[in-house]
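Undergrad: Pasting the sequence and the predicted model now:
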Amino acid sequence: MCRPFCFVDAAIAAVEHCLPLSFSPALAQGIAGNVFTLQFASPKQ
């Protein structure tokens, strides 16, 4: 059985496994200053 915050722990681990992100100079310049968010949703039980 999962402890209460295991979903949060899994979401944080998923992001950490993708870091650091690498961008081409052109892409980095194009997205600089923008805020990006990720939304994780757990399946309803």
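TA: Structure's in. What do you need? Numbering: from 1, shown residues only.
Undergrad: gap between the residue nearest the centre of the chain and residue 38?
TA: Taking C-alpha atoms, centre = their mean, the centroid of the chain lies closest to residue 15, which sits 3.8 Å from it. Separation of residue 15 from residue 38 (C-beta to C-beta, to the nearest Å): 7 Å. Yep, even glycine has a C-beta here, placed from its N, CA and C like the rest.
Undergrad: hang on, the earlier thing: wait, the residue nearest to the centre of the chain sits on residue 36?
TA: No. With contacts defined as C-beta atoms under 8 Å, residue 15 does not count as touching residue 36, sitting 11.4 Å away.
Undergrad: can you give me how far the lengthiest helix in the chain is from the chain middle?
TA: Counting residues, the longest helix found in the chain (DSSP state H) is helix 6-16. From the chain centre to the centre of helix 6-16 is a distance of 8 Å (C-alpha atoms, centre = their mean, to the nearest Å).
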